[in-house]
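Colleague: please find the sequence and the predicted model below.
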Amino acid sequence: MNTSNTPTLIRLHRKARALEVGWADGTQYLLPCEYLRVFSPSAELQGHGLPEPMLIGGKREVNIEKVVPVGRYAVKLVFDDGHDTGLYSWPVLRELGERQTEQWARYEQRLAEHGMSRDRDVVKLSALVRTYTPPPKA
C-alpha cells in the first residue's frame, strides 16, 4: 500500500461543520459537511453511469455525527440527516479536495437551474408550492 496516498490527518470540526484532511506532502483541505454530503460517493447519489451526481438540496446545515475508519483505505461518514452509505476512500477524499471549487460552483449552478436551494425550509416550501391544490370555491 502506498502510504503517501493515505491521509495523515482527518479531523472533524463540528462547530464549523467541516472535515479537515491532510496528507504527508503538506496538502490540506477543509471540506464542508454540506459539500461532502451532496458529493457522497454512495450509489444512491452517484447512480450507475450518471454524468453528474443526483442533485439534492436543503443540506446547508447538515453535519457529520461520526467518522468511522474502514480498513486502511477509507472512512464512512455518518451524517446527522441519516445518510451513511458512502465510503470516502483516500483517492475520493483527495479528489473532493482538489476539485472543490469547480464542483461547488457547478452544484450551485445546478441548484439554480432547478429552482432548488441549499436551505432545508426553502426546499420544503418549494415542494409544497408545487403540490398545493387550492380548495374549491363554495
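Modeller: Sure thing, it's come through. This one's a predicted model, so the numbers in the text were calculated from it and none came from an experiment. Numbering: from 1, shown residues only.
Colleague: the residue nearest to the spatial centre of the chain: what secondary structure?
Modeller: For the chain, the residue sitting closest to the mean C-alpha position, by C-alpha atoms, centre = their mean, is Arg37 at 2.0 Å. At Arg37 the chain is in helix, as set by DSSP: H, G, I helix; E, B strand; the rest coil.
Colleague: what does the pLDDT read for it?
Modeller: Note on Arg37: pLDDT of 96.
Colleague: mind listing what it touches?
Modeller: Going by C-beta atoms under 8 Å, 6 or more residues apart in numbering, Arg37 touches 56, 59, 62, 79, 81, 83. For every residue, glycine as well, the C-beta is placed using N, CA and C.
Colleague: how many residues are close by the closest residue to Thr6 other than its chain neighbours?
Modeller: The shortest distance from Thr6 to any non-neighbouring residue, by C-beta to C-beta, 6 or more residues apart in numbering, is to Trp90 (5.7 Å). By other C-beta atoms under 10 Å, 20 other residues sit near Trp90.
Colleague: again with Leu111
Modeller: Applying other C-beta under 10 Å, we find 18 residues neighbouring Leu111.
Colleague: enumerate every residue touching it.
Modeller: Here Leu111 is in contact with 55, 57, 117-118 (C-beta under 8 Å, 6+ apart).
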